[in-house]
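Chemist: Please find the sequence and the predicted model below.
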Amino acid sequence: MDIVIRPVAADEYEALGEITAQAYLLDGLLDFGENDAYLDELRDVAKRAAAADVLVAAEGGSVLGGVTFVPSGGPMADIAGPGEAEIRMLAVARAGRGRGAGEALVRACVERARATEGCVRVVLSTQRTMRAAHRVYERLGFTRTPERDWKPLPELDDITLLTYELTL
């Protein structure tokens with residue numbers, strides 16, 4: 001079967017929320033584990049879908065993963081400035097990893113950015129330990145932008161998100 005990238009359906013919100021939360025938990029990306037407040041954000045696909053474009057990678061009737069695409073100036077943006085789109089919360093279930101689902105989701109976001117009037121760049125934040133994701137971004141032409149690295153929780157000095165950009 002082929003992996004298809006499409007907008008998330010409302011009846012998939014819960015499944016995608018859990019895939020996203022579990023991907024972050026199992027990969028050790030949440031400092032406070034099950035008690036991390038960010039888990040609620042990761043699980044709240046309905047909130048994301050109301051403010052941005054949420055895409056899923058699906059195969060047959062199964063959701064393998066998803067991503068949030070924030071068009072230029074969208075309310076879900078963390079680091080995007082004028083003329084920039086942002087990729088957030090990319091996650092693929094263990095069963096879908098190594099099969100191209102993550103790369104297909106990133107490619108779909110880049111295509112959407114290219115179709116967005118006035119958009120000249122795609123930006124994203126990632127954690128140091130997300131090495132597989134870094135390889136995907138770099139393979140697709142994204143470059144590191146260390147001058148944009150930032151701390152989502154300034155009180156926790158040990159968490160710095162790395163940033164990447166792709167000029168369209």
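Modeler: Arrived safely, thanks for sending.
Chemist: all helices of this protein, in order?
Modeler: Counting by DSSP state H, the chain has helices at residues 13-26, 38-43, 45-51, 101-114, 131-139.
Chemist: roughly how far is stretch 128-144 from the heart of the chain?
Modeler: 12 Å (CA atoms, centre = their mean, to the nearest Å).
Chemist: Low-confidence stretches in the protein?
Modeler: For the chain, applying pLDDT under 70 flags the ranges 1, 28-37, 154-158.
Chemist: my guess is Asp27 contacts Thr129, does it?
Modeler: Yes: counting by CB atoms under 8 Å, Asp27 touches Thr129, with 7.3 Å between them. Any C-beta I mention is one placed from the backbone N, CA and C, and that applies to glycine too.
Chemist: of these two, who's got more company?
Modeler: Neighbour count, other CB atoms under 10 Å: between Asp27 and Thr129, Asp27 has more, with 15 against 11.
Chemist: what separates that one from Ala93, distance-wise?
Modeler: 12 Å (CB to CB, to the nearest Å).
Chemist: circling back to that earlier point, can I get the helices of the chain in CSV including distance to Glu59 and mean neighbour count?
Modeler: Below are the helices of the chain laid out as CSV (distance: least, CB to CB, whole Å; neighbours: other CB atoms under 10 Å):
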stretch, distance to Glu59, mean neighbour count
helix 13-26, 13, 20
helix 38-43, 22, 17
helix 45-51, 19, 17
helix 101-114, 8, 20
helix 131-139, 18, 15
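Chemist: Throw the ones you listed into CSV and include distance to Ala57, thanks.
Modeler: Below are the helices of the chain laid out as CSV (distance: least, CB to CB, whole Å):
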stretch, distance to Ala57
helix 13-26, 10
helix 38-43, 17
helix 45-51, 14
helix 101-114, 4
helix 131-139, 13
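Chemist: in the chain, which spans are strands?
Modeler: 4-7, 53-59, 62-70, 84-92, 121-126, 143-144, 162-167 (DSSP state E).
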